[in-house]
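Peer 1: sequence first, then the predicted structure:
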Amino acid sequence: MVRINVSPNDPPEEHPTIGLIGMGAMGVMYARQLSKAGWKRISVCDLPEKYDSLKLEYKDVPGITVHRDGHAVSRISDFIMYSVEAEYIDRVVSQYGPSTKVGAIVSGQTSVKAPEKDAFEKYLPQDVDIVSIHSLHGPTVSPEGQPLVLIQHRAPDSSLHVVESIFRCFGSRFVYLTYEEHDLVTANVQAVTHAAFLTMGTAWAGQRSYPWEQGQYVGGIETVKVNIMLRIYSNKWHVYAGLAILNPSARIQIDQYSSSAAELFKLMLAGDEDGLRARVYKAREQVFGSVKAERAPIFLTEDVLDQFTIGGSGRSSPTGTTAPRANSHLALLAMVDCWAHLNIQPFDHLDLAATPIFRMWIGVAEYLFRSTERLDAAIRSAVYDVMLRSDDLEFVVAARGWSQCVSFGSFDLYKRRFLETASFFESRFDEASAIGSEMIKAISQS
Ligand SMILES: NC(=O)C1=CN([C@@H]2O[C@H](COP(=O)(O)OP(=O)(O)OC[C@H]3O[C@@H](n4cnc5c(N)ncnc54)[C@H](OP(=O)(O)O)[C@@H]3O)[C@@H](O)[C@H]2O)C=CC1
Ligand SMILES: O=C(O)C(=O)Cc1ccc(O)cc1
């Protein structure tokens, strides 16, 4: 039995054995953080065929022991985290679950919890506890200050406290949810956000164009669009596929997002400025109307955003031009319209469970929608600037494609769409990932 207030400063023989099954991006991040904090009994594995290379990689990392498979990890660990693809969680838990040590606490890192909950309930022995977790950020973001969801599902308070003690060293903010609340909140935070960026990428790739390399000003809102789009496409496809396809609330939202984009676009094509304005203003009222005016906007000014310009063509660059490019901001108009249609109040999730990407994206939406001048400029560009039509058309087509793909529930189709777009942007990932990390740091600190 592990003490509830166990700490890395305790004698090593009193440390719980912490087991990590799946040493991909998140497993590795967890292993490194736990080792850095001083935990001395970290047992890890990935697929048996990676045993030798993992062993070599971790031979000098303090506290970490590599095992051949999940049976070996499960038999000796007091706390176990499955950090594998959501699509495979059922299979992997069915394999190793029965080997779980008596009295252990089991958790998962999957981004969508319904399949994880099913798998745990089906395959874990009755004499083990379930306290699941989910870091609401990617593997390259420092966990400090970010939300870490804790789900006390089948466990006494003492087991929850053990998990808290293990992860206190992350400096994350614990967020306590049930499995069901988790899937609802994460759908609200992530589904449409990811759909928007995946769509932008596919639309740009469809035009074979890197928008920030067209010699035009790419600062402010465009900076966020480009950097986050690149960040998402440089992550693993299965992370986004899993949370879109396996979370039923996510599917509904992604479908509404594509319908919102199409309906707004039809108003633009019809030259219906009044109709478009009425619809956008109504959505603004629903989503931003109840937000307290005294709440400080998230962080955004063009000047702050311009620090993170990619490709060196921001306003202040010697080669840069001066005027921001007109834009309908269809991606943002559709997002707010979608939230309004589904009665989602995104600000409710901001303090609870915002991922860094969501925080940034809602900050950009707020920047646009809280200024009638900016919003009207977007509406006028949408209706009258015919140069924007081809971009917006590509956007609508891409949004529909993503929503259909998710509704078909096909991981294979999702993977092909994702990787095809990703390959177009691959050469730009390194630069974007460095800039994106700086941007997230700046927002987290602001
Ligand atoms: N990346 C992110 O931004 C975040 C991801 N998550 C969630 O965390 C989980 C892991 O994601 P991430 O680390 O990014 O993905 P990765 O693909 O990098 O890691 C998953 C790892 O698990 C391995 N694996 C698969 N089956 C087994 C098995 N039977 N035994 C041991 N290892 C196995 C995979 O091997 P192989 O590649 O050969 O299949 C892979 O190395 C996912 O559920 C994801 O949704 C949560 C928060 C953020
Ligand atoms: O911030 C985001 O939305 C990301 O893209 C990173 C991410 C991906 C999956 C998660 O389960 C949590 C965070």
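Peer 2: Good, I have the coordinates. In this text the structure is predicted, and so the values were computed from the model without any measurement. Ligands and ions are numbered 1, 2, ... in the order given.
Peer 1: where does this protein dip in pLDDT?
Peer 2: Across the chain, the ranges flagged by pLDDT under 70 are 215-219, 291-325, 443-446.
Peer 1: residues of it that sit close to ligand 2?
Peer 2: 111, 136, 137, 138, 190, 232, 239, 355, 356, 357, 358 (C-beta under 6 Å from any ligand atom). C-beta here means a position set from N, CA and C on the backbone, and glycine is covered the same way.
Peer 1: 8 Å - rerun?
Peer 2: 110-111, 134-138, 141, 186, 189-190, 193-194, 231-232, 235, 239-240, 243, 355-358 (C-beta under 8 Å from any ligand atom).
Peer 1: all strands for the chain, in order.
Peer 2: Ranges of strands in the chain, per DSSP state E, are 18-21, 42-45, 64-66, 79-82, 105-108, 129-135, 147-154, 173-176.
Peer 1: what comes up buried for the fifth one?
Peer 2: For strand 105-108, burial by neighbour count (16 or more other C-beta atoms under 10 Å) applies to 105, 106, 107, 108.
Peer 1: remind me what that strand packs against, helices and strands.
Peer 2: strand 79-82, helix 114-123, strand 129-135, helix 157-167 (3 or more C-beta pairs under 8 Å, 6 or more residues apart in numbering; DSSP states H and E).
Peer 1: out of the residues of the chain next to ligand 2, which are close to ligand 1?
Peer 2: Among the residues of the chain next to ligand 2, ligand 1 is touched by 110, 111, 134, 135, 136, 137, 138, 235, 239, 243 when using C-beta under 8 Å from any ligand atom.
Peer 1: who touches the nearest residue in space to the second one that is not next to it in sequence in this structure?
Peer 2: To tie it back to what came earlier, the one meant is residue 111. With C-beta to C-beta, 6 or more residues apart in numbering as the criterion, residue 111 has its nearest non-adjacent residue at 4.2 Å, and that residue is residue 243. Residues near residue 243 by C-beta atoms under 8 Å, 6 or more residues apart in numbering: 86, 111, 112, 186, 187, 190, 191, 194, 250.
Peer 1: you'd agree residue 354 is up against residue 147?
Peer 2: Yes - applying C-beta atoms under 8 Å, one finds residue 354 in contact with residue 147, separated by 7.1 Å.
Peer 1: shared neighbours of those two, anything?
Peer 2: Residues touching both residue 354 and residue 147 by C-beta under 8 Å, 6+ apart: residue 136.
Peer 1: residue 187 versus residue 248, what's the distance?
Peer 2: Here the criterion is C-beta to C-beta, to the nearest Å. By it, residue 248 lies 8 Å from residue 187.
Peer 1: neighbours of residue 192, how many?
Peer 2: 26 (other C-beta atoms under 10 Å).
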